[in-house]
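K.L.:
how would this look folded up:
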Amino acid sequence: MSKNISSVSRIPIILTLNNTVKMDGELIRHLSPLTIKKVLNHLPISQLINNFQKKFLQLKLELDIGLEKPQSSFKKGDIAFSSISNCIYIFLEDYTHSQKQFSHMGFIKTQNLDELVKTKAGDILTIQKI
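P.N.:
Model prediction:
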């Protein structure tokens, strides 16, 4: 079997910070199928990011998506969507918050997450399907 065959449920993505730093990621369709379908229809996404106290990054979207398979605990590198703030979140450290729930979408596979921790106002993150 060829290694080039990709799974229908695992969608490879690439995240690019300021057109220089590239990170591989993966959206996993069964985690939030409806959310991922809508996000995929809007890729590539290129937005200013908000680094919230080096805990997570936010990318604002203009999508009308409800909460799907809600979770409140995430690991470093996980990608999720909040229907309340209409943002994609990338967690920069393990996160547990009993009051906030997100739709888990996938994760970043590469180890250079430290580049995201260093982000500042005005930085742009691009997410695109490979």
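K.L.:
Which of the helices or strands spans the closest residue to residue 110 other than its chain neighbours?
P.N.:
Of all residues beyond its chain neighbours, the one nearest residue 110 is residue 23 (4.5 Å), with distances taken as C-beta to C-beta, 6 or more residues apart in numbering. Just so you know, the C-beta spots here come from the backbone N, C-alpha and C atoms, and that holds for glycine as well. Assigned by DSSP states H and E, residue 23 belongs to strand 21-28.
K.L.:
And for that strand, what's in contact with it?
P.N.:
9-17, 36, 39-40, 79, 105-110, 112-113, 115-116, 127 (C-beta atoms under 8 Å, 6 or more residues apart in numbering).
K.L.:
List the buried residues of that strand.
P.N.:
Buried residues in strand 21-28, counted by 16 or more other C-beta atoms under 10 Å: 21, 23, 25, 26, 27, 28.
K.L.:
do you know how far the residue nearest to residue 110 is from residue 17?
P.N.:
As judged by C-beta to C-beta, to the nearest Å, residue 23 and residue 17 stand 8 Å apart.
K.L.:
and for those two, which residues touch both?
P.N.:
Common neighbours of residue 23 and residue 17, using C-beta under 8 Å, 6+ apart, are 115, 116.
K.L.:
pLDDT weak spots in this structure?
P.N.:
1-7 (pLDDT under 70).
K.L.:
For the residue nearest to the spatial centre of it, what is the enclosing helix or strand?
P.N.:
Residue closest to the average C-alpha location in the chain (C-alpha atoms, centre = their mean): residue 79, at 3.3 Å. Using DSSP H and E, residue 79 falls within strand 78-82.
K.L.:
now that strand against strand 21-28, angle please.
P.N.:
Strand 78-82 runs at 70 degrees relative to strand 21-28, counting by axes from the mean of the first three to the mean of the last three C-alpha atoms, to 10 degrees.
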